[in-house]
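Chemist: predicted coordinates and the sequence they were generated for:
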Amino acid sequence: MKKKFIILSFDAVGNKDFINLIKLPNFKELKENSSYSNNVESVYPSLTYPAHTSIATGKLPVNHWIINNILIQPERKNPDWFWYKKQINGSTIYDIAKEKGLKTCTLLWPVTGKSKSIDLNIPEIFPNRKWQNQIMVSALNGSPLFQAKIEKLYSHLRKGYEQPYLDNFTFNTLMYVLKNDLADFIMVHFTDTDTHKHIFGTKSNHISQSLKRHDKRLGEIISFLKENNIYDSSTLIALGDHSFKDAEYVIKLNNLFLKNDLIKLNSKNVIKEYDAYLNFCDGSAYVYVKNKYKIKMVYDLICNFSKENNNCIKNIISSEEAKKLGASDKCTFMLEANDNYYFINDYLGNTIEKTKGKHAIANHGYNPKDDNYKTIFFCKAPNVKKNFDIGPIRLIDEGATIFNMLGKVPSDIDGNILNSIFI
């Protein structure tokens with residue numbers, strides 16, 4: 001069996017989880033055999049799709065173009081997401097892996113739909129039209145024959161998106177790929193911890209249980225590599241994408257815009273036109289103002305609203321400042337929610353609502369430079385130092401380093417190669 005290059009993304013596992021994580025037997029072993037960091041700065045906005053694309057490209061969102069999880073679709077209650085590889089600007093690590101002759105596989109890795117560089121692909125995509133179903137959209141955007149086999153073997157493990165069942169399905173698919181030697185370069189996205197943090201908050205016992213499940217999955221992967229005598233020669237990377245914050249309130253600024261005649265609805269209460277619109281990134285948000293003569297009015301409206309509501313909005317950032325942070329500069333403003341708040345796109349009801357019982361009670365999307373809002377990285381490979389604390393790094397540095405390990409680094413990346421980790 002050939003050596004493997006495996007990247008495991010544990011969505012929403014942050015630096016606050018690190019202490020408990022490395023007490024678990026398999027993460028402890030991985031740490032002792034890896035160069036690692038528990039001080040990884042995510043990207044801005046710190047969301048799953050921009051973050052995973054930064055890992056895959058070594059670029060900031062403004063340069064790889066996946067600037068949010070969702071598209072700007074005010075007319076849709078549930079907007080489409082950035083699902084497709086063609087939406088990415090630039091080369092990805094799986095493009096280079098394929099170019100280097102490796103068999104590639106991605107399992108629920110974001111923004112991989114219809115990629116021509118992935119031999120076995122179950123993309124992260126979901127049905128967003130009444131006539132669609134999950135099997136249909138996955139097959140149309142991934143590898144249908146592979147998916148048919150996996151469905152036959154493991155579909156009974158899933159309960160929609162419910163966790164830990166979805167990750168159990170993903171993990172069993174990964175082990176099937178490994179045991180049958182179907183791919184050399186494998187990228188897997190696990191969302192167990194992310195889902196439970198949204199539902200139960202960051203301090204719940206559900207989080208420690210999700211970390212234990214991740215540790216068990218990691219242990220089985222390590223055992224498989226050892227049993228097949230390829231552990232020492234293989235590359236095994238485990239990483240997070242962003243951190244999380246608990247929140248008691250949501251902010252619905254589109255409701256404020258509606259009340260001030262900046263948004264117009266049709267007879268079905270669907271947005272038909274707008275002068276100002278907020279597209280949420282959870283802990284941050286983009287604001288788009290169509291009429292340049294109303295920019296000051298919108299700015300003042302937001303400022304006054306925040307002052308009247310416990311300074312719920314921490315910062316209003318210009319498009320130029322947003323670009324410097326790595327976010328899109330196509331917005332009019334970028335907003336940052338204060339701790340204990342996050343944004344949503346809804347425009348009906350109250351402008352501020354309590355999260356408990358109605359919305360997620362913890363979320364991401366905050367400024368990645370915030371204190372105690374970092375994520376994690378472990379890298380085990382034959383030429384990488386063992387039990388070496390890299391110190392502070394950035395998500396885009398991970399991408400640059402993986403490109404380097406594959407033997408080709410694009411000239412237009414934003415990250416730096418982590419040269420200190422190599423022997």
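Modeler: Arrived safely, thanks for sending. These numbers were taken from a predicted model, which means no experiment stands behind them.
Chemist: my read is residue 178 is in a strand, agree?
Modeler: No. Residue 178 is assigned helix when assessed by DSSP: H, G, I helix; E, B strand; the rest coil, not a strand.
Chemist: can you tell me how far it sits from residue 150?
Modeler: Relative to residue 150, residue 178 is positioned 13 Å away (CB to CB, to the nearest Å). For glycine as for every other residue, the C-beta is placed from the backbone atoms N, C-alpha and C.
Chemist: and residue 309, by the same measure?
Modeler: For residue 309, the distance to residue 150 - CB to CB - is 48 Å.
Chemist: neighbour-wise, which of these two wins?
Modeler: More crowded of residue 309 and residue 150, by other CB atoms under 10 Å: residue 150, with 21 against 16.
Chemist: tell me which residues touch that one, please.
Modeler: By CB atoms under 8 Å, 6 or more residues apart in numbering, the contact list for residue 150 reads 122, 173, 176.
Chemist: same thing with residue 181?
Modeler: So residue 181 contacts 1, 2 (CB under 8 Å, 6+ apart).
Chemist: ok, now with 10 Å
Modeler: 1, 2, 4, 103, 228 (CB atoms under 10 Å, 6 or more residues apart in numbering).
Chemist: restricted to buried residues, select those in ChimeraX.
Modeler: Applying 16 or more other CB atoms under 10 Å to these, the buried members can be selected in ChimeraX as follows:
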select :4,103,228
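Chemist: secondary structure and distance to residue 214 added to the contacts of residue 181, as JSON lines?
Modeler: Putting these into JSON lines (DSSP: H, G, I helix; E, B strand; the rest coil; distance: CB to CB, whole Å) gives the following:
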{"residue": "1", "secondary structure": "coil", "distance to residue 214": "24"}
{"residue": "2", "secondary structure": "coil", "distance to residue 214": "26"}
{"residue": "4", "secondary structure": "coil", "distance to residue 214": "19"}
{"residue": "103", "secondary structure": "coil", "distance to residue 214": "25"}
{"residue": "228", "secondary structure": "coil", "distance to residue 214": "22"}
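Chemist: ok, which pair from the contacts of residue 181 is furthest apart?
Modeler: Across those, the longest distance by CB to CB is 16.1 Å; it joins 103 and 228.
Chemist: endpoint to endpoint, stretch 314-328 covers what distance?
Modeler: Across its full length, stretch 314-328 reaches 19 Å between end residues, using CA to CA, to the nearest Å.
Chemist: what are the buried residues along that stretch?
Modeler: For stretch 314-328, the neighbour count (16+ other CB under 10 Å) marks 314, 316, 317, 319, 322, 323, 325, 326, 327, 328 as buried.
Chemist: which of these fall within helices?
Modeler: The helices, defined by DSSP state H, take in 319, 322, 323 from the buried residues of stretch 314-328.
Chemist: between those residues, which sits nearest residue 83?
Modeler: Using CB to CB, residue 322 is the member of these that lies nearest residue 83, at 23.5 Å.
Chemist: thought residue 331 was touching that closest one, still the case?
Modeler: Yes. Residue 322 is within contact range of residue 331, at 6.2 Å (criterion: CB atoms under 10 Å).
Chemist: list residues touching both of those two?
Modeler: 67, 286.
Chemist: per the record, what domains does this structure have?
Modeler: Following automatic domain parsing, one finds the domains of the chain at 5-244+370-421, 246-363.
Chemist: and among the ones you listed, the most buried is which?
Modeler: Among those, the stretch with the highest mean neighbour count (mean count of other CB atoms under 10 Å) is domain 5-244+370-421, at a mean of 20.
Chemist: end to end, how far does that one reach?
Modeler: OK, domain 5-244+370-421 end separation, CA to CA: 17 Å.
Chemist: same question for stretch 150-170.
Modeler: 10 Å.
Chemist: avg pLDDT for that stretch?
Modeler: For stretch 150-170, mean pLDDT rounds to 97.
Chemist: for the contacts of residue 181, which one is nearest residue 200?
Modeler: Lowest distance from residue 200 to those (CB to CB) belongs to residue 4, with 33.8 Å.
Chemist: centre of the chain to the top helix by length along the chain, how far?
Modeler: The single longest helix within the chain, with elements called by DSSP H, is helix 205-227. Centroid separation for helix 205-227 versus its chain: 20 Å, with CA atoms, centre = their mean, to the nearest Å.
Chemist: quick one: average pLDDT of that helix?
Modeler: Averaged across helix 205-227, pLDDT comes to 98.
Chemist: dump that helix to CSV, restricted to CA.
Modeler: The C-alpha trace of helix 205-227 is given here as CSV (Å, rounded to 0.1, in the frame of the first residue of the first chain):
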residue,chain,number,x,y,z
ASN,A,205,-20.6,18.5,27.9
HIS,A,206,-21.7,17.8,24.4
ILE,A,207,-18.5,19.5,23.2
SER,A,208,-16.2,17.3,25.3
GLN,A,209,-18.1,14.2,24.0
SER,A,210,-17.7,15.4,20.4
LEU,A,211,-13.9,15.8,21.0
LYS,A,212,-13.8,12.2,22.3
ARG,A,213,-15.5,11.0,19.2
HIS,A,214,-13.0,12.9,17.1
ASP,A,215,-10.2,11.3,19.1
LYS,A,216,-11.6,7.8,18.5
ARG,A,217,-11.8,8.5,14.8
LEU,A,218,-8.2,9.8,14.7
GLY,A,219,-7.1,6.7,16.6
GLU,A,220,-8.6,4.3,14.1
ILE,A,221,-6.8,6.2,11.2
ILE,A,222,-3.5,6.0,13.0
SER,A,223,-4.0,2.3,13.8
PHE,A,224,-4.8,1.6,10.1
LEU,A,225,-1.6,3.4,8.9
LYS,A,226,0.5,1.6,11.5
GLU,A,227,-1.0,-1.8,10.6
